[in-house]
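**Q** got a predicted structure here, sequence first:
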4 protein chains.
Amino acid sequence: MAQRSGDPTRVREKILKQAIEEFSRIGFEGARVDRIAERSRVSKNMLYYYFKSKEGLFIAALDRTYERLREQQKEISVRSNDPMMAMKQLVHHTFHAFESNPQAIRLMNEENKHRGKYLKKSGSIRYLYTPLVETIQFILERGRSDGVFRPSIDARLLYMTLSSLCYHYLSNQFTLEIALGRDLTSDKSRREWLEHVTNLVLLHCVTDPTAMMAADKKA
Amino acid sequence: MAQRSGDPTRVREKILKQAIEEFSRIGFEGARVDRIAERSRVSKNMLYYYFKSKEGLFIAALDRTYERLREQQKEISVRSNDPMMAMKQLVHHTFHAFESNPQAIRLMNEENKHRGKYLKKSGSIRYLYTPLVETIQFILERGRSDGVFRPSIDARLLYMTLSSLCYHYLSNQFTLEIALGRDLTSDKSRREWLEHVTNLVLLHCVTDPTAMMAADKKA
Amino acid sequence: MAQRSGDPTRVREKILKQAIEEFSRIGFEGARVDRIAERSRVSKNMLYYYFKSKEGLFIAALDRTYERLREQQKEISVRSNDPMMAMKQLVHHTFHAFESNPQAIRLMNEENKHRGKYLKKSGSIRYLYTPLVETIQFILERGRSDGVFRPSIDARLLYMTLSSLCYHYLSNQFTLEIALGRDLTSDKSRREWLEHVTNLVLLHCVTDPTAMMAADKKA
Amino acid sequence: MAQRSGDPTRVREKILKQAIEEFSRIGFEGARVDRIAERSRVSKNMLYYYFKSKEGLFIAALDRTYERLREQQKEISVRSNDPMMAMKQLVHHTFHAFESNPQAIRLMNEENKHRGKYLKKSGSIRYLYTPLVETIQFILERGRSDGVFRPSIDARLLYMTLSSLCYHYLSNQFTLEIALGRDLTSDKSRREWLEHVTNLVLLHCVTDPTAMMAADKKA
DNA sequence: GATGAATGAGATTTCATTCAT
DNA sequence: CATGAATGAAATCTCATTCAT
């Protein structure tokens, strides 16, 4: 039985992985410590040895998830010099970041359910959005100096806009699908939505939206 | 000892009220049947008598909540003849509907956590959004015939937009606040956000956004 | 399996009895809820149903034990009119009360181990000693008016004396036996000790100890 | 990483010190091996290496404690030539010995709770009281030859008396305080009690208690 | 000697649900 | 309709002890 895997950080990682899986799937109270232990092929007490309590494990799972999300957001390099193009890329990256991290969405919802209780204890997202807001800031400034963007755009407001539109589509998929009778997972639907979001954001930013719409039509 | 509290539907209502409270506060798995029974001052057996199981109670709670939300959405009469004004009212009403129903938000999140499992069993939101989408449709058409709105606007897409922007602000309040270091509950913040959302939506709808922005500036 | 014994107070009593047994035998931390449940032939959760927690059960056990002890102490009627005789009876009764309640001694020790933590929560012994102290008072007064007892005897001090001498012999039986190499459980040893204690107490009370000693010798 | 803290006996001592602390505070079953290890800043394995088991550690703690108590009792040199004075000193020394060793009291209670089980395995108190009884014997004899003490006093009985009266006051502090509504830790209370005990013991010993009482009154 | 990691058994407590009345 | 008592399974967490290095 003695499995003494030798590598303690690997054991920790295995547990953490399964914890993220479990907590994001069914929430804090729904999650079962037993299941996490079993799936990471570790005895229950090891889990307590490493994380002290279910809550400790949950916080560790949050920490790790947000950290990962932040890493991904840092990578959103805006390669294009064209501010409009850059903004478009930003929307796509943001959506994709959430899309490829369904667990992060679940865990954030969970956290909001708990009124931020655990986050306050962990402090890990405190700066989650910072890199993204900075990127937005950067694009906005370039757009402004190019004269294509209006000068008064608030980066944080824009971030909230972007975030709402990307997050909600994914987070509330099931209620939306049932209510609207529409499949939101199809490629077509996602493309359509992304295009719509991009359009909205740009409309908000550009100096001359009418011109932009005209240009769009031609394309 | 038999206390025969008189009105059976009243008992049912008391239970349901506490169930909505409990489920929305802490989710399906976090909710405790004992607590619901205790707080509605009803013996657990009554609860099982009326609702059969925890799941039955949860579904009943969902049903009731969505029904209430739908009622509220039906009431969104768009009094103004001016399509722009009407749209603005729509945004405000939608936000307010969510704002005054935090439990509905919580329960919808819960439902998405369960991948729509219970909704499928209940069918209660199937037509939740219909009246709202119809109202949107109506406003759009009037705006189009007035020449202020573009003809190609998709009502459902617009609804999703509206919904995302209003819902997310409230639903993800805690993570947003911590991450952005900003109080979202203040009147000022809410007004700002609503104005922003209105603007976005209108920008998307109007035929001549540039003119609209110019008009805005004067005002 | 359904044992539904019908009489809930009887179930409570059964549990309590076993709890007193277990807690007095091996202390709060040594006691096992499982064992108590098993021996009272009740499922573990019933125990929590009636007493809420291990601590709740412990406090209930203390309460009951002290109450019983107090009952016994109330019964110490001092039948004799002769104050010396009455005092002698008192010593015997006190010793016997402790002797026939080994569980009470154990539980009191346990409580002292916990620095009175649980007693403070229960308040049940607050008046444990009162009836006894009053009896002492009564005897002392009669002895004084008869002229055989000194007037300045403090009843509470006398109680502490009595109590120490009776309690310690029983409570520290094992260490005393091993240390002194003497069997303290034998009738002879107990008689001897009781006589000694009686003598001490009377010596302390009487106006003329020398006369008393002389009288003793004759007898 | 190997920290080789240098002196193995010192490590042993550190562990033992914390073990005495822990066992006396909360008893054998309440004590936690983890806590002892942590507080002595030693890995659990060391603890097992030195003491083999929790029980082994407990017995070692008992041994050490009794040994220390015995040392202290040996030191009770009765400096006075006056037997009455010597007896008074003895009472004070005994009380003080217990008072300055609350851990010893706790551990003795613990031992009695276990019906002497561990003492039998250790044999360390077997002769705990011997030096004290011998001292008592010595004083009694001198008092007898001086004519102030009665000839028939049993040293062991006297020891038990002394011990009961000093031990109980300290050991049952909490229940006594709550029951009698009296603070036993105050200097005044202790002085009073000690005087009372001394008096009792002397009354028991002297040839002419009436004379002694008269002498007391004058002083 | 010394350590961090691991174990297995078992501790207390909880919870949805049902039965007898 | 209504209740208090009961259940069984399982949840979280603990603890003395040992292994591999």
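**A** Structure's in. What do you need?
**Q** right, and residue A:212 touches residue A:202 too?
**A** Yes - the pair residue A:212 / residue A:202 is scored as a contact, 6.4 Å apart, by CB atoms under 8 Å. Placement of C-beta: from N, CA and C, glycine included.
**Q** who has more neighbours, the two?
**A** Per other CB atoms under 10 Å in any protein chain shown, whichever of residue A:212 and residue A:202 has more neighbours is residue A:202, with 22 against 19.
**Q** need the per-residue pLDDT for the more buried one.
**A** Model confidence at residue A:202, expressed as pLDDT, equals 96.
**Q** ok, residue A:123 next?
**A** On pLDDT, residue A:123 comes in at 67.
**Q** now residue A:77
**A** 66.
**Q** before we move on, what about the one 3 residues further on?
**A** pLDDT, residue A:80: 80.
**Q** wait, is it part of a helix?
**A** No - the assignment for residue A:80 by DSSP: H, G, I helix; E, B strand; the rest coil gives coil, which leaves it out of any helix.
**Q** confirm for me that it is in contact with residue A:92.
**A** No - the pair residue A:80 and residue A:92 does not pass the contact test of CB under 8 Å, sitting 11.5 Å apart.
**Q** domain map for chain A?
**A** A:1-52, A:66-218 (automatic domain parsing).
**Q** where does the prediction get shaky in chain A?
**A** Along chain A, the parts satisfying pLDDT under 70 run over A:1-6, A:77-79, A:123.
**Q** now do the strands in it.
**A** In chain A, no segments count as strands under DSSP state E.
**Q** for it, what's the longest helix?
**A** helix A:8-30 (DSSP state H).
**Q** do that one and chain B meet?
**A** Yes - for a cut-off given as CB under 8 Å from any CB of the partner chain, helix A:8-30 has contacts with chain B, namely A:26, A:27, A:28, A:29, A:30.
**Q** who's in contact with the residue nearest to the first one when sequence neighbours are not counted?
**A** If you skip the residues right next to it in sequence, residue A:26 has residue B:29 as its closest partner in space, 6.7 Å away by CB to CB, 6 or more residues apart in numbering or on different chains. Taking CB atoms under 8 Å, 6 or more residues apart in numbering or on different chains, we find residue B:29 in contact with A:26, A:27, A:29, A:30.
**Q** what's the burial count for the last one?
**A** Right, residue A:30. So residue A:30, with other CB under 10 Å, has 16 neighbours.
**Q** so how far is residue A:172 from the nearest residue to it once chain neighbours are set aside?
**A** Nearest residue to residue A:30, sequence neighbours excluded (CB to CB, 6+ apart): residue B:29, at 3.5 Å. Using CB to CB, to the nearest Å, we find residue B:29 at a distance of 20 Å from residue A:172.
**Q** so which residue is smack in the middle of chain A?
**A** residue A:98 (3.8 Å; CA atoms, centre = their mean).
**Q** hmm, that residue is touching residue A:168, no?
**A** No - counting by CB under 8 Å, residue A:98 sits too far from residue A:168 to count as a contact (9.8 Å).
**Q** ok, and the closest non-adjacent residue to residue A:74?
**A** Take residue A:74 and drop its neighbours on the chain: the residue closest to it by CB to CB, 6+ apart is residue A:131, 4.8 Å away.
**Q** tell me which residues touch that neighbour, please.
**A** With contacts defined as CB under 8 Å, 6+ apart, residue A:131 is in contact with A:70, A:73, A:74, A:76.
**Q** now, of those residues, which are buried?
**A** For those, a neighbour count by 16 or more other CB atoms under 10 Å in any protein chain shown gives the buried set as A:70, A:73, A:76.
**Q** for the spatially closest residue to the second one that is not a sequence neighbour, give its distance to chain C.
**A** When you say that, I think you mean residue A:73. Nearest in space to residue A:73, with sequence neighbours left out and distances taken as CB to CB, 6+ apart, is residue A:132 at 4.7 Å. In this structure, residue A:132 and chain C are separated by 48 Å, where distance is defined by CB to the nearest CB, to the nearest Å.
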